[in-house]
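In: okay, structure incoming, though there's no sequence with it:
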């Protein structure tokens, strides 16, 4: 955060324990989304009921580039907000979800998937229905006849270029699916 966390108590005494709890939640938000500019939290005790207990209102206001996000928990929305700790937790959970939405919309965060491993067929045993692929880093990966997709195992040749999905098998690395790389396939 660029501006230090601000915590305000209304209608109740300042509590070091609650301040510490709020600071922990705010630090988690800052680790989750590192472009938070400021965070203001208001902890307010609304009513003092003898039978139902005190009711708390929590507001979390976060400023991010180009926007301000506000999450609050009203005591009337949920009876659990007679417990200030539950109200704080829920308000910060709501803020985290808002930050996720903001990040998706504004930062264009995309999941980047690594391209599947790439290699060449270096061994074929048609009588036993298996072969081996040498990876770009020189490892050997076993594959079974049934793992070959979009090609015929019997038409494979030594040196055929393939991409594959690797997993750990009973005897070490094996390809669960093997695709023959065609002339139009671009390898990353």
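Out: Looks like it came in fine. Keep in mind that what you see is a predicted model, and the values were worked out from it rather than measured.
In: model confidence over stretch 168-177, on average?
Out: Confidence over stretch 168-177, taken as the mean pLDDT, stands at 87.
In: can you give me the end-to-end distance of it?
Out: End-to-end span of stretch 168-177 (C-alpha to C-alpha, to the nearest Å): 13 Å.
In: how far does it sit from the chain's center?
Out: Using C-alpha atoms, centre = their mean, to the nearest Å, we find the averaged C-alpha position of stretch 168-177 to lie 27 Å away from the chain's own average C-alpha position.
In: mind showing which ranges of this protein have poor pLDDT?
Out: Scanning the chain with the threshold set as pLDDT under 70 gives 47-53, 73-81, 107-113, 183-188.
In: ok, now with 80
Out: When residues are selected by pLDDT under 80, those of the chain lie in 46-54, 72-82, 106-116, 150, 171, 182-188.
In: kindly list the longest helix within it.
Out: The helix that spans the most residues within the chain, counting by DSSP state H, is helix 84-106.
In: show me how far the helix or strand following it is from its chain's centre.
Out: With elements assigned by DSSP states H and E, the helix or strand that comes after helix 84-106 is strand 118-125. A distance of 35 Å separates the centroid of the chain from that of strand 118-125, by C-alpha atoms, centre = their mean.
In: swap in stretch 18-28?
Out: Here stretch 18-28 is found 21 Å from its chain centre; the criterion is C-alpha atoms, centre = their mean.
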